[in-house]
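S.K.: only geometry, no sequence info:
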């Protein structure tokens with residue numbers, strides 16, 4: 001069992017966990033300035049379109065890497081194992097922005113052996129599936145154990161979001177894109193009656209009897225007429241990657257832009273992040289150049305097409321090895337391969353600096369049990385570790 005104490009403030013949650021879900025203690029002191037650069041150290045290669053990396057919080061140190069076509073691979077002690085942990089290529093619709101996009105291990109995985117995946121399927125029409133699986137061991141999943149918990153129909157073939165992650169409150173958070181096409185023609189981003197264009201929060205560990213998942217009663221739209229109670233925040237275009245700061249509980253989300261701006265958001269309970277009214281901090285040109293911004297949550301950082309074309313969200317660094325990054329948010333761009341660091345203090349961005357550049361498409365960041373950070377090179381099929389500049 002996971003024992004926890006919740007502390008709520010200003011719509012953000014922090015949590016003290018004991019037991020197998022306990023995280024490594026955050027680094028000691030947040031930095032005021034970023035280092036000039038970091039090094040990206042090769043870990044493994046030989047992967048097929050890697051899109052996500054995480055761990056199982058089981059003390060093993062193993063890394064699990066999601067391959068877009070529908071396979072999860074294991075890195076054990078720096079070695080890529082030949083046998084996959086999970087292979088569901090027979091049910092995944094992959095290509096473009098579709099595929100097996102994320103995995104989240106239950107906080108008590110060491111005992112329960114439960115984990116969850118987000119993937120695109122086309123049996124009966126294109127849709128996103130959130131499914132639960134059980135593992136036979138830490139090295140092998142039970143292929144036939146799938147239980148589909150949630151199905152979300154997709155009107156187009158892009159903007160699927162794709163991230164799932166357990167929050168510090170042991171709830172499962174799900175990033176859903178607007179369903180695709182230019183300018184969000186169905187206005188899903190501003191429609192609380194659909195699950196598209198929203199960040200969802202559901203209880204998959206303690207669902208009510210006979211239900212696939214539970215609705216936390218403190219979700220912001222519970223009881224609102226015409227709104228889906230699963231929503232935690234909305235107004236999103238394509239939230240490809242998000243993460244929780246292990247030190248503060250803040251939820252950082254990178255929302256991929258359309259033609260003008262990429263944005264970084266700190267997500268609060270019930271927030272409206274603007275799409276399709278706004279793209280980044282401007283009124284969406286193809287919708288209304290003179291929009292009303294009242295009531296919308298503006299991003300903490302944006303960048304334009306001179307720096308990149310598709311933001312890849314990362315993590316606030318809380319590991320012990322790189323004190324020069326403590327408290328800095330690292331993020332990147334899929335197209336340019338740039339890795340940036342960002343320092344956010346007292347409600348404002350204090351510094352943003354280019355730290356590294358990947359000569360490939362940067363599909364995702366990942367985190368291990370010691371809170372070290374990794375970068376995935378999509379085309380080259382590589383995993384790289386973020387290290388101090390000059391480290392051998």
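M.R.: Okay, I see it. Here the structure is a predicted model, which is why all the values come from computation and not from measurement.
S.K.: Please report phi then psi for residue 333.
M.R.: Here the main-chain torsion angles of residue 333 (degrees, to the nearest 10) amount to phi -130, psi 130.
S.K.: To clarify, my last question referred to residue 189.
M.R.: Note on residue 189: backbone dihedrals following degrees, to the nearest 10 are phi -60, psi -30.
S.K.: quick one: contacts for it?
M.R.: Shown in contact with residue 189 (Cβ atoms under 8 Å, 6 or more residues apart in numbering): 178, 196-197, 234-237, 274-276. Every C-beta, even on glycine, is put in place using the N, C-alpha and C of the backbone.
S.K.: mind redoing it with 7 Å?
M.R.: Contact analysis of residue 189 by Cβ atoms under 7 Å, 6 or more residues apart in numbering lists 178, 197, 234-237, 275-276.
S.K.: May I ask which helix or strand encompasses residue 66?
M.R.: Taking DSSP states H and E as the definition, one finds residue 66 inside strand 63-67.
S.K.: Which of the contacts of residue 189 fall in strands?
M.R.: Filtering the contacts of residue 189 for membership in strands, criterion DSSP state E, returns residue 234.
S.K.: Turn the contacts of residue 189 into a markdown table, columns for pLDDT, neighbour count and distance to residue 343.
M.R.: Compiled in a markdown table, those are given as follows (pLDDT from 0 to 100; neighbours: other Cβ atoms under 10 Å; distance: Cβ to Cβ, whole Å):
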| residue | pLDDT | neighbour count | distance to residue 343 |
| --- | --- | --- | --- |
| 178 | 98 | 32 | 30 |
| 197 | 98 | 29 | 30 |
| 234 | 98 | 29 | 28 |
| 235 | 98 | 24 | 26 |
| 236 | 98 | 32 | 24 |
| 237 | 98 | 28 | 26 |
| 275 | 98 | 30 | 26 |
| 276 | 97 | 25 | 30 |
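S.K.: Nearest spatial neighbour of residue 290, chain-adjacent residues omitted?
M.R.: Using Cβ to Cβ, 6 or more residues apart in numbering and skipping the chain neighbours, the partner closest in space to residue 290 is residue 283 (6.4 Å).
S.K.: The strand holding residue 66 pairs with which strands, parallel or anti?
M.R.: In its sheet, strand 63-67 lies beside strand 50-54 (antiparallel), strand 71-76 (antiparallel), with partners assigned from DSSP bridges.
S.K.: Out of the ones you listed, flag the one nearest residue 105.
M.R.: Across these, residue 105 has its closest neighbour in strand 50-54 (7.0 Å, Cβ to Cβ).
S.K.: quick one: average pLDDT of that closest one?
M.R.: For strand 50-54, mean pLDDT rounds to 98.
S.K.: chain center to that strand, what's the gap?
M.R.: 10 Å (Cα atoms, centre = their mean, to the nearest Å).
S.K.: rewinding a little: export the contacts of residue 189 to JSON lines and tack on distance to residue 48?
M.R.: As requested, the contacts of residue 189 are exported to JSON lines (distance: Cβ to Cβ, whole Å):
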{"residue": "178", "distance to residue 48": "28"}
{"residue": "197", "distance to residue 48": "30"}
{"residue": "234", "distance to residue 48": "34"}
{"residue": "235", "distance to residue 48": "34"}
{"residue": "236", "distance to residue 48": "28"}
{"residue": "237", "distance to residue 48": "27"}
{"residue": "275", "distance to residue 48": "32"}
{"residue": "276", "distance to residue 48": "34"}
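S.K.: nearest to residue 106, of the contacts of residue 189?
M.R.: Closest approach to residue 106 among the contacts of residue 189 (Cβ to Cβ): residue 236, at 25.3 Å.
S.K.: what sits against that closest one?
M.R.: Counting by Cβ under 7 Å, 6+ apart, residue 236 touches 177-178, 189, 197-199, 255, 273, 275.
S.K.: go on, residue 254?
M.R.: So, once contact is read as Cβ under 7 Å, 6+ apart, residue 254 ends up touching 240-242, 264, 311-313, 331.
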